[in-house]
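Q: One predicted model, sequence on top.
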Number of protein chains: 2
Amino acid sequence: MSLVAPLPAAVHPDQTVHPDQTVNGAVVDKVRRVLSAFGPDDVGVSLAELVRRTGLAKTTVHRTCADLMAWGALERDTAGYRLGLKLFELGQLVPRQRILREAALPILEQLLFATQETVHCAVLDGHEVVYVERLSTRHAGSAPSRIAGRADLHATATGKVFLAWTPALAREVLSGPLRARVPRTITSPLVLRRQLERVHAEGVATEYEETRVGYLSVAAPVFGSHGILVGAISVTAGVRRGLTDRLVPQVKAAGRAVTVALRTGDGRQIGEAGEVRGASLRMSYA
Amino acid sequence: MSLVAPLPAAVHPDQTVHPDQTVNGAVVDKVRRVLSAFGPDDVGVSLAELVRRTGLAKTTVHRTCADLMAWGALERDTAGYRLGLKLFELGQLVPRQRILREAALPILEQLLFATQETVHCAVLDGHEVVYVERLSTRHAGSAPSRIAGRADLHATATGKVFLAWTPALAREVLSGPLRARVPRTITSPLVLRRQLERVHAEGVATEYEETRVGYLSVAAPVFGSHGILVGAISVTAGVRRGLTDRLVPQVKAAGRAVTVALRTGDGRQIGEAGEVRGASLRMSYA
DNA sequence: GGACCGGGTTCCGGTGGACGGAACGAAACT
DNA sequence: AGTTTCGTTCCGTCCACCGGAACCCGGTCC
């Protein structure tokens, strides 16, 4: 049986239905469909709208929503249904994001302060990166990514990190089609493969207008207690001369700092390279 | 009929048992039980352990977990089951937390920088506050609260805010028992009621060693676009002479700033009172 | 006014799938 | 070797999910 997700499943459609084939238990599949019907900008969704989005019978949606409300996974007011706080609480318990986030946050804040650009940390899920945290100054502007958003592996600096340190994954992705999001996105498996070798050798990945026109980013790996890759951190900024070269050492150092913080169970991490020190965050820069 | 848990059995080794009610759909209830069986520190839970915590039949848990894994709500490795990234993604979409958090974050960062103490923002759920965000300097230390943690209304400054602006809620809580978490927690309905009137009049709530010995906090309300209370922000710090008086104006101003930010659809908010300005966060303090 | 429409809710009979006891394979102790 | 614990599969019973139909309520159009 394939444990690989069948398909991203087209979330938050405006009109489309999920013709997804369900290998699930019938009932949890209905729960999944209902919850997945909510998009990032929905604040109140009517029952009828949910019926449309899920493709389920009206009665079924009605009953399922009632059950979910009794649990707190769904809430309701005059505007319609919305996702409930219980889901937020559950989401905060998810180990993959929690562990990385807790260890990375102080260092990300320093990185933000030092670079004044948008910083991320992300984990791998399937064939995509999922952004776990995102900090930015107000004027850094035009967010390329939501906080729990997803992005392609081959078109982001963060994604290249995962590819470079996970040969099996790289094999899979390289054998598939590399969709071009923007003109400069790398679509050649050969070019990408060579670049991944460099990334692995140099300990840092870069991307120049390959994700979004006018922006570049630099990413570094974060390793867990057993030396396995658990995530990546990155800085994204508008393109400027020599900016990548300036960012590379900072991001590399920050990545190492997070790795150390993970080992020492969060808490006080001493910047091994010196550029980024983990004492009292921005105090040292004042 | 009575399949509603003959006996929930013991849950959570260290934590309390689910005080669960619910005449849910049978299956949704099982999903709920399984997911709720994970605690804040669990990283890998075995099937047998889940059986123990949920009180469900082994086969049922096995099947339910398989369904949840196919969805991504659960993951698994050699260590056992853990909550999956899909739940994190869902949780980030929850409107109540997302809207407040996005508007409050920049102001919370300024508040953190200005006070160098732990700052929170929180929303109301049932008869408890739920912390939506928490920022702190490293040395502020000893976190009194997790990021999605819950706390009593009558024993926290944040909670007093919700009570002071929600008469119906105050009536309910005041008519019930006021559990004393620490010696100074207010347990007298009369004392609390008078205090809530002052809170409402002054636009700010305080708490002095009523939540945790050695700590005080100050909280201010945040109002949504229709003038309804949507959340609160607060600062928590170790007790010091005159600290409360210093914090009060800052927290009040920050609360107003978040309210304004909510109205103007996040983005650029101009501190109406002047103390807290929302330009480029810490730049102005450098 | 009446007809119509689109949302939300309740009712109820048929049936598909959830349920869980039992048995099996595989490790980890003793 | 025996014993315990964990994970998995199988299968007959039966019940709770399913969804069509009908109903209620507010709008809107003619």
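A: Yes, it's here.

Q: CA atoms for contacts and neighbours, from now on please.
A: Fine.

Q: Pretty sure A:Leu87 sits in a helix.
A: Yes - membership of A:Leu87 in a helix is supported by DSSP: H, G, I helix; E, B strand; the rest coil.

Q: How about it, nearest residue that isn't a chain neighbour?
A: B:Gly91 (4.8 Å; CA to CA, 6 or more residues apart in numbering or on different chains).

Q: could you say which helix or strand contains the one you found?
A: helix B:85-93 (DSSP states H and E).

Q: between that helix and helix A:85-93, how many degrees?
A: 130 degrees (axes from the mean of the first three to the mean of the last three CA atoms, to 10 degrees).

Q: Just the mean pLDDT for helix B:85-93, thanks.
A: Per-residue pLDDT over helix B:85-93 has a mean of 97.

Q: List the contacts of it.
A: Contact with helix B:85-93 is made by A:35-36, A:38-41, A:83, A:85, A:87-92, A:94, A:96-97, A:125, A:147-149, B:71-74, B:98, as judged by CA atoms under 8 Å, 6 or more residues apart in numbering or on different chains.

Q: just for chain A, where's the confidence low?
A: A:1-23, A:138-144, A:265-286 (pLDDT under 70).

Q: And the strands in it, which stretches?
A: Applying DSSP state E to chain A gives strands spanning A:74-77, A:80-83, A:118-125, A:128-135, A:150-152, A:205-208, A:215-223, A:229-238.

Q: Just put those in CSV and tack on distance to B:Gly224 and mean neighbour count.
A: What follows is these, written out as CSV (distance: least, CA to CA, whole Å; neighbours: other CA atoms under 10 Å in any protein chain shown):
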stretch, distance to B:Gly224, mean neighbour count
strand A:74-77, 15, 17
strand A:80-83, 17, 22
strand A:118-125, 27, 25
strand A:128-135, 24, 24
strand A:150-152, 29, 18
strand A:205-208, 40, 25
strand A:215-223, 34, 26
strand A:229-238, 32, 25
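
Q: mind checking which of those is nearest B:Thr64?
A: Closest approach to B:Thr64 among those is made by strand A:74-77 (20.2 Å; CA to CA).

Q: Could you list the paired strands of that closest one along with their orientation?
A: Strand pairing for strand A:74-77, determined by DSSP bridges: strand A:80-83 (antiparallel).

Q: what number of residues lie near the residue nearest to A:Leu87?
A: Other residues within reach of B:Gly91, judged by other CA atoms under 10 Å in any protein chain shown, total 24.

Q: quick one: the residue of the stretch 51-200 of chain A found nearest DNA strand C from DNA strand D, how far?
A: Relative to DNA strand C, the nearest point of the stretch 51-200 of chain A is A:Thr59 (4.9 Å; CA to the nearest atom of the strand). Using CA to the nearest atom of the strand, to the nearest Å, A:Thr59 is found at 5 Å from DNA strand D.

Q: now that we're looking at A:Ser217, which residues does it contact?
A: Shown in contact with A:Ser217 (CA under 8 Å, 6+ apart): A:Thr156, A:Ala157, A:Thr206, A:Glu207, A:Tyr208, A:Ser234, A:Val235, A:Thr236, A:Ala237, A:Thr244.

Q: Output those residues in JSON lines; the columns should cover distance to B:Gln195.
A: Below are those laid out as JSON lines (distance: CA to CA, whole Å):
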{"residue": "A:Thr156", "distance to B:Gln195": "54"}
{"residue": "A:Ala157", "distance to B:Gln195": "54"}
{"residue": "A:Thr206", "distance to B:Gln195": "56"}
{"residue": "A:Glu207", "distance to B:Gln195": "57"}
{"residue": "A:Tyr208", "distance to B:Gln195": "58"}
{"residue": "A:Ser234", "distance to B:Gln195": "48"}
{"residue": "A:Val235", "distance to B:Gln195": "47"}
{"residue": "A:Thr236", "distance to B:Gln195": "48"}
{"residue": "A:Ala237", "distance to B:Gln195": "49"}
{"residue": "A:Thr244", "distance to B:Gln195": "56"}
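
Q: Do I have it right that A:Lys160 meets A:His154?
A: Yes - the criterion here is CA atoms under 8 Å, and A:Lys160 meets it with A:His154 at 6.0 Å.

Q: and the residue of the stretch 151-286 of chain A found nearest DNA strand C, what is it in contact with?
A: Residue of the stretch 151-286 of chain A nearest DNA strand C, by CA to the nearest atom of the strand: A:His226 (18.9 Å). Going by CA under 8 Å, 6+ apart, A:His226 touches no other residue.

Q: And it, its phi and psi?
A: phi -100, psi 20 (degrees, to the nearest 10).
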